[in-house]
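Engineer: okay, here's the prediction I keep looking at, along with the sequence it came from:
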Amino acid sequence: GAGVSQSPSNKVTEKGKDVELRCDPISGHTALYWYRQSLGQGLEFLIYFQGNSAPDKSGLPSDRFSAERTGGSVSTLTIQRTQQEDSAVYLCASSLEELAGVDETQYFGPGTRLLVL
Amino acid sequence: AQKITQTQPGMFVQEKEAVTLDCTYDTSDPSYGLFWYKQPSSGEMIFLIYQGSYDQQNATEGRYSLNFQKARKSANLVISASQLGDSAMYFCAMSLNTGNQFYFGTGTSLTVIP
């Protein structure tokens, strides 16, 4: 079946502009995650959605970052008034999570490479 | 506080040889999961192998095995019979019952030499 998809694959924007990144999780997966990966670094957690529960926004670095998940499926990460330090790869992952546990594998999309000039 | 530590920024291995990528973790939770992911130059994170904290045996998946030493809090990835296609970044990650995220290490870049 189809994996996690993300669009666009690459985005170049000017400082101060808003950007929207999209994630389409694996069908049937109830949990969705956004991570940020800066050059040569590991992954930094941003936000987590699970079903109809309130999202865990504890990783969002500033109020310029927001995300929503419509209908329990597609998610959009929005960065307002982008800054050069926002340049990174933004990765989305989903997991089945029928029963929340430590063994729930996260499956990742190909990422969106964001460059803020 | 760093929860996952990968001390090898770069590793080289001869084709067909075995290689061990190190990972140590830090948690006081009795229940946790340990994962390894491969990230080729294309950027996608590919799940390789999982080890649960209560698992009695080391996990194996084809050429990948996880050397789980609970007392030492280490979860090293062993790749046997390395192939050129194994050249990539490798990330160790941990999941906990508290919180919803995976904690990732900074990764190890593996280069397989023909």
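Structural biologist: All right, it came through fine. Since this is a predicted model, take the numbers as computed values, not measurements.
Engineer: now for the residue nearest to residue A:15 when sequence neighbours are not counted: which residues touch it?
Structural biologist: The shortest distance from residue A:15 to any non-neighbouring residue, by C-beta to C-beta, 6 or more residues apart in numbering or on different chains, is to residue A:116 (5.6 Å). For every residue, glycine as well, the C-beta is placed using N, CA and C. Contacts were defined as C-beta atoms under 8 Å, 6 or more residues apart in numbering or on different chains; by that measure residue A:116 touches A:13, A:14, A:15, A:82, A:83, A:84, A:85, A:86, A:87.
Engineer: where does residue A:116 fall, phi/psi-wise?
Structural biologist: Main-chain dihedrals, residue A:116, degrees, to the nearest 10: phi -110, psi 120.
Engineer: which residues of chain B score low on pLDDT?
Structural biologist: Low-confidence segments of chain B (pLDDT under 70): B:1-2, B:99.
Engineer: who in it is up against chain A?
Structural biologist: Taking C-beta under 8 Å from any C-beta of the partner chain, the part of chain B that reaches chain A is made up of B:4, B:31-33, B:35, B:37, B:42-47, B:50, B:52-53, B:91, B:93, B:95-97, B:99-107.
Engineer: rewinding a little: return the member of the contacts of residue A:116 nearest to chain B.
Structural biologist: If you rank these by distance to chain B using C-beta to the nearest C-beta, residue A:87 comes first, at 14.5 Å.
Engineer: okay, now the closest one: neighbour count?
Structural biologist: Residue A:87 is flanked by 17 other residues according to other C-beta atoms under 10 Å in any protein chain shown.
Engineer: in this structure it contacts residue A:37, no?
Structural biologist: No. Counting by C-beta atoms under 8 Å, residue A:87 stays clear of residue A:37, with 11.0 Å between them.
Engineer: shared neighbours, the two?
Structural biologist: Joint contacts of residue A:87 and residue A:37 (C-beta under 8 Å, 6+ apart) do not exist.
Engineer: contact partners for the residue nearest to residue A:73 when sequence neighbours are not counted?
Structural biologist: The spatially closest residue to residue A:73, leaving aside those adjacent along the chain, is residue A:25, at 6.6 Å (C-beta to C-beta, 6+ apart). Listed by C-beta under 8 Å, 6+ apart, the contact partners of residue A:25 are A:4, A:32, A:73, A:74, A:75, A:92, A:94.
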